[in-house]
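S.K.: from the sequence below, what's the structure:
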Amino acid sequence: MTEQEARIIELRQLADRFCEERDWDQFHGLKDLAIGLSTESNELLQLFRFKNDAESKAIIEQPERKSAVEDEIADVLFFLLRLATRADIDLAQAFERKLAKNARKYPVDLARGSNLKYSEFDQK
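M.R.: Sure, this is the predicted structure:
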């Protein structure tokens with residue numbers, strides 16, 4: 001087991017214990033957790049809404065505002081961890097598998113420095 005895998009397991013256990021202590025499993029069906037993940041992702045997005053790159057970077061340079069970003073990222077992670085736990089998904093394994101798929105879709109020689117979707121590459 002890698003250090004990253006061990007850390008993910010530890011974080012999942014922290015989230016699970018937090019929810020068990022509050023008897024929240026009853027509210028954490030897969031649909032509800034997916035909704036929570038989306039909701040928290042949108043709360044993160046709201047912090048950057050209508051901001052250009054310079055304004056977005058300025059948010060991170062201000063401790064109070066950076067803390068708000070950290071809080072929202074942590075909320076996203078919480079719901080992701082809970083969803084993975086409840087769906088019996090190994091996050092590290094799923095991530096590595098998806099990254100390998102993306103590597104095939106986005107080969108370096110075609111994707112480097114490009115923001116095109118893989119289906120837009122000229123594969124001649």
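S.K.: distance of Asp25 relative to Leu83?
M.R.: The gap separating Asp25 from Leu83 is 13 Å, by C-beta to C-beta, to the nearest Å. Every C-beta, even on glycine, is put in place using the N, C-alpha and C of the backbone.
S.K.: the top helix by length along the chain packs against which elements?
M.R.: Longest helix of the chain, by residue count under DSSP state H: helix 63-86. Helix 63-86 sits against helix 3-21, helix 30-48, helix 53-61, helix 91-105, with contacts defined as 3 or more C-beta pairs under 8 Å, 6 or more residues apart in numbering; DSSP states H and E.
S.K.: circling back: more neighbours: Asp25 and Leu83, which one.
M.R.: Leu83 (19 against 13; other C-beta atoms under 10 Å).
S.K.: in contact with the nearest residue to the more buried one once chain neighbours are set aside, which residues?
M.R.: Closest residue in space to Leu83, ignoring its immediate chain neighbours: Leu33 at 4.1 Å, by C-beta to C-beta, 6 or more residues apart in numbering. Contact analysis of Leu33 by C-beta atoms under 8 Å, 6 or more residues apart in numbering lists 79, 82-83, 86.
S.K.: select from those residues the one having the most neighbours.
M.R.: Of the contacts of Leu33, with other C-beta under 10 Å as the count, Arg82 tops at 23 neighbours.
S.K.: pretty sure that residue sits against Ala15.
M.R.: Yes: counting by C-beta atoms under 8 Å, Arg82 touches Ala15, with 5.6 Å between them.
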